[in-house]
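Enquirer: Everything below, folded, please.
(chains A and B)
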Amino acid sequence: MHWPMSPAGEDASDQVRETVDAVYRADSRRVLATLIRLLGDFELAEEALHDAFRAALEQWPRDGVPANPRAWLVSAGRFSAIDTIRRRARFDATLASFAKMREAEQNSAADGSVDMGVDNVDAGNDDDRLRLIFTCCHPALTPDAQIALTLRDVCGLTTEEVARAFLTTAPTVAQRIVRAKAKIRDARIPYEIPSRAELSARLDAVLHVVYLVFNEGYAASSGASLTRQTLSSEAIRLGRLLVELLPEPEAVGLLALMLLHESRRAARASADGEVILLDDQDRSHWDRQLISEGLTLVERALSEPRRAEGRALSSRHAGPYAIQAAIAAVHAEAPAAVATDWTQIVGLYDVLLRADPSPVVELNRAAAIAARDGAAAGLALVDAILDRGDLADYEFAHSARAELCRQLGHTAEARVSYARALALARQEPERRFLERRLRDAASGREGQEGREGEK
Amino acid sequence: MKYLCLIYSDESAWNTMSKAEGETMMREYGAFTEGIKKSGQWIAGHRLQPAATATTVRIRNGKLSTTDGPFAETKEKLGGFYMIEAKDLNDAIQVASRIPSARVGSVEVRPVFETPAA
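Expert: Numbering: from 1, shown residues only, chains lettered A, B, ... in the order given. Just a heads-up that it's a prediction; the model follows:
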């Protein structure tokens, strides 16, 4: 398609602008990922990306939208970067700059796409996107930096958006990103997909970042936290991308887990933002479409061997995300809280404890035991965990204990535990929930609802 | 690219090691060093005398001051180092993770500042 460049062609020009916008939204991350590989430098690649889109806005209305916009943008970005390096080299005639330029030129020549607009099968390829994800989530970077880099460079959020979502300031986020990029450059963190031997551990790091982003967005579900909902959506988008690029069972399991949690979003809080526990949720508000997609993915995660381990594994050796997703699936399949298959859930927690032992998993298992065998059995387990001191400062250990005491009619003990949980709670809706429970316990009222609290 | 691997460990752990354990450790170090020499990654490496033998030197206002002991008082002491040649950080991490003390102490991997050739 060709767009006239005459001033009379305002409409056409607008249309091209829309096309450029659409290409930016759909493909700018892919183009960036490829430019980073070709240029070997994050900063240079980001500048080149902007230059390429600026060039598109100038040239596409005149010359028409190229057949392969992505390849065109990669070429334009690369040429602009080579110009930048040449300019810098004139002022700063170090061999390093020349070497970088030579490298960039050789890379241009190597994939045979020096001509602008030539179909470039390598432009924005999937491996580059994986390289970008693995580099942003490199364990040598701080977790904060991993999250900030991933959201900015992989998801395309602005620094301001990342800052808002994490309730911090843009300069703080910007500084994290600058430091991380300096480390990538100076310590030479390679732009590569990890080798088979490292893949499992490195994929865990990536999945961890995705899950942190999801939880950050999921933890606060009240009306005032719209920006945080964005985080959950971005995490799910990342999860989908990973499943598309590297369909390892744990990536599939994490996506399933996120979808199944997300399916309950509308039911997790009342209209005025009050927390509603899993057992008390109106299940007709659960998103059936997300549940059905989640259930399919759980089955897939449990049936495929984990290739990253380098050996075939049966579902009995499923990873922690797949097992947690399976637990969420059992909840999702129960038409009502009382119909929950607690025996199966306890069994899955046993498997999870073997795959990924942690006191928090033990606590969740105790809550499931309480639901299956009665509050007394659960309380004994919770007390044993608390006595070890592992979860002494964990809000949900105390709120779980309080719930069980309440169910058993141990009102005074329930009060103490609710107060302890309240002292540790950070989220406003969570605090209001605990305050309500504390008042009820103080007035000696007995609630019937609420068994397994969501973590 | 050159990386300096700084090996930190609890010195008392060496002292409480049995003779056999100490010999095993030395054998492992020997094998590790041999390995990175063969692969061309070894540039230099030494075990250091205990931190108690350290002297910290400063010049302030033109005056030399020397104090007994290491610069930083930490539980884990610098006990040795390797200077290695590695392709990138992942490569360096692979090498560092095979240093026997990584299992009991820790290894800090630092890229060497490369002055651009003039």
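Enquirer: lowest confidence element among the helices and strands of the chain?
Expert: Reading this off chain A. Ranked by mean pLDDT, DSSP states H and E, the helix or strand of chain A with the weakest confidence is helix A:95-110, at a mean of 60.
Enquirer: was after chain B, sorry
Expert: helix B:11-16 (a mean of 83).
Enquirer: And the next helix or strand past it?
Expert: Towards the C-terminus, the helix or strand next in line after helix B:11-16, according to DSSP states H and E, is helix B:19-38.
Enquirer: just for chain B, where's the confidence low?
Expert: Across chain B, residues meeting the criterion (pLDDT under 70) sit at B:116-118.
Enquirer: And the residue nearest the centre of it?
Expert: By Cα atoms, centre = their mean, chain B has its centre lying nearest to residue B:81, at 2.3 Å.
Enquirer: In chain A, where's the longest helix?
Expert: Among all segments of chain A classified by DSSP state H, the helix with the greatest residue count is helix A:10-39.
Enquirer: which helices and strands sit right next to that one?
Expert: With contacts defined as 3 or more Cβ pairs under 8 Å, 6 or more residues apart in numbering or on different chains; DSSP states H and E, helix A:10-39 has these neighbours: helix A:42-63, helix A:69-91, helix A:95-110, helix A:126-136. Using the backbone N, CA and C atoms, a C-beta is placed for each residue, glycine as well.
Enquirer: Show me which positions of the last one end up buried.
Expert: Buried residues in helix A:126-136, counted by 16 or more other Cβ atoms under 10 Å in any protein chain shown: A:128-136.
Enquirer: Redo the residues you listed as JSON lines? Include pLDDT and distance to residue A:245.
Expert: Listed next are these as JSON lines, based on pLDDT from 0 to 100; distance: Cβ to Cβ, whole Å:
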{"residue": "A:128", "pLDDT": "92", "distance to residue A:245": "10"}
{"residue": "A:129", "pLDDT": "90", "distance to residue A:245": "6"}
{"residue": "A:130", "pLDDT": "92", "distance to residue A:245": "5"}
{"residue": "A:131", "pLDDT": "94", "distance to residue A:245": "10"}
{"residue": "A:132", "pLDDT": "95", "distance to residue A:245": "10"}
{"residue": "A:133", "pLDDT": "95", "distance to residue A:245": "8"}
{"residue": "A:134", "pLDDT": "96", "distance to residue A:245": "10"}
{"residue": "A:135", "pLDDT": "96", "distance to residue A:245": "14"}
{"residue": "A:136", "pLDDT": "96", "distance to residue A:245": "14"}
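Enquirer: restrict these to contacts with chain B.
Expert: Near chain B, taking Cβ under 8 Å from any Cβ of the partner chain as the test, no member of those is found.
Enquirer: Farthest-apart pair in the residues you listed, please.
Expert: Using Cβ to Cβ, the two most remote members of these are A:128 and A:136, lying 12.6 Å apart.
Enquirer: Can you list the residue ranges for strands in chain B?
Expert: Under the criterion DSSP state E, chain B carries strands at the ranges B:2-9, B:42-47, B:55-60, B:63-68, B:77-85, B:106-111.
Enquirer: Would you mind telling me which of the ones you listed is nearest chain A?
Expert: Closest approach to chain A among the strands of chain B (Cβ to the nearest Cβ): strand B:106-111, 4.6 Å.
Enquirer: where does chain A dip in pLDDT?
Expert: Of all residues in chain A, those with pLDDT under 70 make up the ranges A:1-12, A:91-124, A:220-227, A:305-317, A:444-455.
Enquirer: residues in contact with residue 52?
Expert: In the absence of a named chain, this looks at chain A. A:31, A:35, A:73-74, A:76-77, A:80 (Cβ atoms under 8 Å, 6 or more residues apart in numbering or on different chains).
Enquirer: try chain B instead
Expert: Residues counted as contacts of residue B:52 (Cβ under 8 Å, 6+ apart) are residue B:69.
Enquirer: let's go with 6 Å and repeat that
Expert: For residue B:52, the contact set (Cβ atoms under 6 Å, 6 or more residues apart in numbering or on different chains) is empty.
Enquirer: Please apply the same query to residue A:285.
Expert: Applying Cβ under 6 Å, 6+ apart, the residues contacting residue A:285 are A:266-267.
Enquirer: Mind telling me what element the closest residue to chain B within the stretch 201-350 of chain A is part of?
Expert: Closest approach between the stretch 201-350 of chain A and chain B, counting by Cβ to the nearest Cβ: residue A:202, at 9.2 Å. Element membership for residue A:202 (DSSP H and E) is helix A:196-219.
Enquirer: Report the inter-axis angle for that helix versus helix A:126-136.
Expert: Orientation of helix A:196-219 against helix A:126-136 (axes from the mean of the first three to the mean of the last three Cα atoms, to 10 degrees) gives an angle of 70 degrees.
Enquirer: and residue A:67, that one's in a helix?
Expert: No. Residue assignment for residue A:67, taken from DSSP: H, G, I helix; E, B strand; the rest coil, gives coil, which places it outside any helix.
Enquirer: Can you list phi and psi of it for me?
Expert: Here is the backbone geometry of residue A:67 (degrees, to the nearest 10): phi -60, psi -40.
Enquirer: That one: how many residues sit nearby?
Expert: For residue A:67, the count of nearby residues is 11 (other Cβ atoms under 10 Å in any protein chain shown).
Enquirer: Which residue lies closest in space to residue A:334, excluding its sequence neighbours?
Expert: Distance criterion Cβ to Cβ, 6 or more residues apart in numbering or on different chains; nearest residue to residue A:334, sequence neighbours excluded, is residue A:340 at 4.3 Å.
Enquirer: So what's the residue count around that neighbour?
Expert: Other residues within reach of residue A:340 by the criterion other Cβ under 10 Å amount to 21.
Enquirer: do the same with residue A:331
Expert: If we define neighbours as other Cβ under 10 Å, then residue A:331 has 23 of them.
Enquirer: so which strand or helix has it?
Expert: Assigned by DSSP H and E, residue A:331 belongs to helix A:320-333.
Enquirer: cool, residue A:351 as well?
Expert: Counting by DSSP H and E, the element that carries residue A:351 is helix A:342-355.
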